[in-house]
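[1] next input, structure requested:
(4 chains)
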Protein chains: 2
Amino acid sequence: MPRQPNQRPARATKRAEVPKAQRDNGSSPQESQRPAMTDVARVAGVSHMTVSRVLNDPELVRPLTRARVLAAIEQLGYRPNLAARALVTGRTRTLGVVTFDTTSYGPASTLYGLEQAASNEGYAVTVAALAATDRTSVHEAVSRLVSQGVDGAILIVPLRSAADAVKGIVKDVPLVVVEGDPDVGVPVVMCDQRAGAEAATSYLLEAGHQTVWHVAGPSNWMESEGRAQGWRAALEAAHAEHPPPIVGDWSAKSGYEAGVILARMPDVSAVFAANDQMALGVMRAFVERGRRIPDDVSVVGFDDIPEAAYFTPPLTTVRQDFARVGENALKLMIDQIDSGAASSEKIVIDSTLVTRESTAPAPSRQTAASSRATAKRTRGKRAAEAS
Amino acid sequence: MPRQPNQRPARATKRAEVPKAQRDNGSSPQESQRPAMTDVARVAGVSHMTVSRVLNDPELVRPLTRARVLAAIEQLGYRPNLAARALVTGRTRTLGVVTFDTTSYGPASTLYGLEQAASNEGYAVTVAALAATDRTSVHEAVSRLVSQGVDGAILIVPLRSAADAVKGIVKDVPLVVVEGDPDVGVPVVMCDQRAGAEAATSYLLEAGHQTVWHVAGPSNWMESEGRAQGWRAALEAAHAEHPPPIVGDWSAKSGYEAGVILARMPDVSAVFAANDQMALGVMRAFVERGRRIPDDVSVVGFDDIPEAAYFTPPLTTVRQDFARVGENALKLMIDQIDSGAASSEKIVIDSTLVTRESTAPAPSRQTAASSRATAKRTRGKRAAEAS
DNA sequence: CATGGCGTCGGTAGCGATAACATCTAGTCC
DNA sequence: GGACTAGATGTTATCGCTACCGACGCCATG
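    Purely as a prediction, here's the structure:
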């Protein structure tokens, strides 16, 4: 063995004493120290600087030497200490992601895409999940990440208040916002909420519905606004009646409650919900009240969660490519880090309407009562058709 | 005064020069360097060690001095450099989480609970999302995290193969496994899959169903096994017939496909799906084929995803407390880190059956055809009842 | 033959923090 | 009153790595 056990006595002493508390009740008595660059250097018969170069600028080292070093690295199972590197370079190659509601499909998918892209680029991702949505929480979360030393922070917090909170922290670290306010001077990646909502609404109008009701998301969410805007724009373009939106909170429950209201109005024939969960709730409420979907009422959602295709009936909805959102957010971040300049680019990912069986042409104009009667009569036939 | 004002001229020079490169292409021309501990010390008129003590062992510093230091910290906006601290302490206060399929409800919720708990304890969480489920990927992901310097790794990768992969990496870093193989000698947190599945199955049997069919998860998943075991146990306890499980892949699509098969068998009256998505697919397939739920067929899921209560019909399912899973995983991790000893504790979180409207007493024994006819006849009445 | 450029490599000086030890006050005790 | 003790602070030595510069051999050049 080329190892010199007495090589660094001070270090050895230090090492032996510091983890004493840990080691005394210790698990692995013969734990070998994690090798450092100098250990590799010694084994390879070079200086630690050469090892460093092999790792960072391999072409500066003669192939033969390089091979020796690599062999030594392999042999010792050496891994560079990122903390030490970060200390001297000032960069950690770690990105922070602030996210509210990791649990729901959109943010979770975005996070996933982001992480995949990041690890491809050699970046690690540390997440800070928000408990509340107020701007203090956002600020605090970013602050925590900055303290942790991230090279940049990506916010998946689609709230207006978050967008505001962002303003205060710019300059500390590069920032990218997902679904944020495009006017805040920070790079933004977002899905084309407006176009998606417009497509969904137009689709219903073209199917002959007099107008389309909207179950909106909470008012301070960017997505809610975009989707409501698209809906409104489509109605206006078609000179359709313009009913007031009913506001939900993205949950199926709130969609159900909205549906209870809508179901009391016999002339409601088309509903555009701002996400799939609420659409599900809406459908549930209608079905419970004997209003058939899509025979009596057409429902469209937004997001295209994986389950949407298997709802009863399968849901027409607007698909968003969250993975691409994540990838693009990462791209913007890397650009900023590499250039050292803060950009304010804006990337819009387009969304596409996916038509399924929750939508149908408008029922002929008649009273709700007779409409319901028709539904009852045709039911047996439809079930047979379907199978 | 023992202080020598000319103490470190070299440092001052260095400071001015090193960041030059950054400053040249710099965004903010007058950007002040992030202050270090010595800067705080200078402002407070103490040594950097006193600053360090204020941060780590405040009680060791005289209140007056402490106040001065804190004021200086505040004034400069000082933040300790975690990389430097990590370099000397050997600990980063960062935990790694390896997760497969961040997108689905269970892992996402667990991750969320974990992150919340971790940040409460002052730990950051960096995630590594898996693209594939083979053991090489798992190994690689953990390896990446270890390189990043995490103090411990938590695996939310409920595959048998992952549990195996784990064996190789123990010792490198404390590990906790969520939904893993309890026999691998690594601490595990898991939901009580068996009991949940048993409860669901017994519930159906007690409702008079002759037997219960099972749509299982993929065969290498721990959850699949537990749920299948519970199902089997309940059948055996009731001396019920024991049909072969149909294997899905957790997706609604696979549930649908299983449902297509099941719907061809007229005597199937109760199905226990290993998760809610597959239950959704199963219901869809039955409904499309004119088999009514719960009148003709009862369906139970597993997980209680938020949407389950708004399926058509609302799904009877087994609720799991993922947040608690996350919290407990963190607890096990912290215990290991603090004690320095590898434990192999096992925590089981109990799951509870939530009964909704997708289950009903078994239909009276008759031919499928007449059963379907009955369904048709009663439909109008039921809808009226519901509203 | 001196000069100079290039390709390789080594030495040294920190990065910003903590650990260990040293020092310097005040009190305390006999 | 002097030695001792404990509390409060300062000094020094690392942690493992990279930035910077210098050393050295080699070859082409004038």
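
[2] the stretch of helix or strand A:Ala72 belongs to and DNA strand C, are they touching?
    For A:Ala72, the element it lies in under DSSP states H and E is helix A:63-76. Yes. Helix A:63-76 lies within reach of DNA strand C by CB under 7 Å from any atom of the strand, at A:Leu64, A:Thr65, A:Arg66. Using the backbone N, CA and C atoms, a C-beta is placed for each residue, glycine as well.

[3] what's the neighbour count on the first one?
    Other residues lying near A:Leu64 total 8 when counted by other CB atoms under 10 Å in any protein chain shown.

[4] and of the residues of helix A:63-76 next to DNA strand C, the nearest to A:Val318?
    Comparing the residues of helix A:63-76 next to DNA strand C against A:Val318 with CB to CB places A:Arg66 closest, at 52.9 Å.

[5] which ones are touching that closest one?
    Applying CB atoms under 8 Å, 6 or more residues apart in numbering or on different chains to A:Arg66 gives the contacts A:Val54, A:Pro58.

[6] make it 10 Å
    A:Arg66 sits next to A:Ala44, A:Val46, A:Thr50, A:Val51, A:Arg53, A:Val54, A:Pro58, A:Glu59, A:Leu60 when contact means CB atoms under 10 Å, 6 or more residues apart in numbering or on different chains.

[7] want to throw these into JSON lines with secondary structure?
    Formatted as JSON lines, these follow (DSSP: H, G, I helix; E, B strand; the rest coil):
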{"residue": "A:Ala44", "secondary structure": "helix"}
{"residue": "A:Val46", "secondary structure": "coil"}
{"residue": "A:Thr50", "secondary structure": "helix"}
{"residue": "A:Val51", "secondary structure": "helix"}
{"residue": "A:Arg53", "secondary structure": "helix"}
{"residue": "A:Val54", "secondary structure": "helix"}
{"residue": "A:Pro58", "secondary structure": "helix"}
{"residue": "A:Glu59", "secondary structure": "helix"}
{"residue": "A:Leu60", "secondary structure": "helix"}
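
[8] now the helix holding A:Ala72: average pLDDT?
    Averaged across helix A:63-76, pLDDT comes to 95.

[9] may I see the buried residues of it?
    The neighbour-count check on helix A:63-76 (16 or more other CB atoms under 10 Å in any protein chain shown) flags A:Thr65, A:Arg66, A:Arg68, A:Val69, A:Leu70, A:Ala72, A:Ile73, A:Leu76 as buried.

[10] and what of stretch A:331-342?
    For stretch A:331-342, the neighbour count (16+ other CB under 10 Å) marks A:Lys331, A:Leu332, A:Met333, A:Ile334, A:Gln336, A:Ile337, A:Ala342 as buried.

[11] where does chain A come near DNA strand D, residue by residue?
    Applying CB under 7 Å from any atom of the strand, we find that chain A lies next to DNA strand D at A:8, A:10-11, A:14, A:33-34, A:36-38, A:48-49, A:52, A:55-56, A:78-81, A:84-85, A:87-89.

[12] any weak-confidence spans in the stretch 101-250 of chain A?
    The stretch 101-250 of chain A contains residues with pLDDT under 70 at A:163, A:168-170.

[13] what ranges do the helices span in it?
    A:105-120, A:135-148, A:160-169, A:193-206, A:222-237 (DSSP state H, counting those that start in this stretch).

[14] and of these, who's closest to B:Pro218?
    helix A:105-120 (19.2 Å).

[15] restrict that closest one to CA atoms and write it as PDB.
    Extracted C-alpha coordinates of helix A:105-120, given in PDB (Å, rounded to 0.1, in the frame of the first residue of the first chain):
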ATOM      1  CA  TYR A 105     -50.000  17.900 -11.000                       C
ATOM      2  CA  GLY A 106     -48.800  21.100 -12.600                       C
ATOM      3  CA  PRO A 107     -46.100  22.200 -10.200                       C
ATOM      4  CA  ALA A 108     -45.000  18.600  -9.600                       C
ATOM      5  CA  SER A 109     -44.500  18.000 -13.300                       C
ATOM      6  CA  THR A 110     -42.700  21.300 -13.700                       C
ATOM      7  CA  LEU A 111     -40.400  20.400 -10.900                       C
ATOM      8  CA  TYR A 112     -39.800  17.000 -12.400                       C
ATOM      9  CA  GLY A 113     -38.900  18.400 -15.800                       C
ATOM     10  CA  LEU A 114     -36.700  21.000 -14.100                       C
ATOM     11  CA  GLU A 115     -34.900  18.500 -12.100                       C
ATOM     12  CA  GLN A 116     -34.200  16.200 -15.000                       C
ATOM     13  CA  ALA A 117     -32.900  19.100 -17.100                       C
ATOM     14  CA  ALA A 118     -30.800  20.400 -14.200                       C
ATOM     15  CA  SER A 119     -29.100  17.100 -13.500                       C
ATOM     16  CA  ASN A 120     -28.300  16.900 -17.200                       C
END
